[in-house]
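A.B. asks: Below are the sequence and a predicted model for it; my questions follow.
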Amino acid sequence: MELMIALAIVGILATLAVPALFTPMVRDQIVAAGPLVDLAKKPVAAEWLATQAFPADNAAAGLPAPAKMINNYVTSVAVRDGVIDVTFGNSAHNQIAGRVLTFRPAVVPDAPVVPIAWVCGLADVPAGMTAEGENRTDIAVGLLPFNCQPKPK
């Protein structure tokens, strides 16, 4: 009887621990989108520096169509008025497949020479800056890399 109780306790603890094993893997898959995001950030920042406006879409930014900007875990990278939306899929874990992570440009509107700061996901906007566009991030906070999470309050 004692052995059965011990096995039951071990089973319960194992069930609670399994989700925690996937979180680092999911975060790594999100981080793997970095090179595609960096590719999109450069023309958006260049357009802001030159015109104080953001490109309307991938074509205006000189980028391939959203469905052509892919990797193992990303099914599209779309520029939308300067905002970059990354949609996960392909071999991505089911917790992020079909989900979106948004990178919003944060600027100092009356000082266009100040470089853009990129606000990842649910992260806080830097003080004195204004984040442009809508945040469409729908990935659970606990799965986001730490630089994409809001500061604890």
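C.D. replies: Now that the structure is in, tell me what you want to look at.
A.B. asks: surely Ala92 meets Val86?
C.D. replies: No. If you go by Cβ atoms under 8 Å, Ala92 and Val86 don't touch, sitting 10.5 Å apart. In short, each C-beta sits where N, CA and C put it, glycine included.
A.B. asks: which stretches of this structure have low pLDDT?
C.D. replies: Applying pLDDT under 70 to the chain picks out residues 14, 16-21.
A.B. asks: Counting residues, which helix of it comes out longest?
C.D. replies: helix 2-31 (DSSP state H).
A.B. asks: higher neighbour count, Ala92 and Val86?
C.D. replies: For Ala92 and Val86, the more surrounded residue by other Cβ atoms under 10 Å is Val86, and the numbers stand at 29 against 22.
A.B. asks: Which secondary structure element is home to that one?
C.D. replies: Here Val86, judged by DSSP states H and E, is contained in strand 83-88.
A.B. asks: try Arg104
C.D. replies: Using DSSP H and E, the element containing Arg104 is strand 100-107.
A.B. asks: Relative to that strand, what are the paired strands and their orientations?
C.D. replies: Strand 100-107 sits in its sheet next to strand 83-88 (antiparallel), strand 117-120 (antiparallel), strand 130-131 (antiparallel), going by DSSP bridges.
A.B. asks: Just name the most buried of those.
C.D. replies: Comparing the strands paired with strand 100-107 by mean neighbour count (mean count of other Cβ atoms under 10 Å), strand 83-88 ranks first with a mean of 24.
A.B. asks: Alpha carbons only: can I get that one in CSV?
C.D. replies: Extracted in CSV, the C-alpha atoms of strand 83-88 (Å, rounded to 0.1, in the frame of the first residue of the first chain):
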residue,chain,number,x,y,z
VAL,A,83,5.1,46.9,-37.1
ILE,A,84,6.6,43.4,-37.6
ASP,A,85,4.3,40.4,-37.0
VAL,A,86,5.9,37.0,-36.8
THR,A,87,3.5,34.0,-37.2
PHE,A,88,4.8,30.7,-36.0
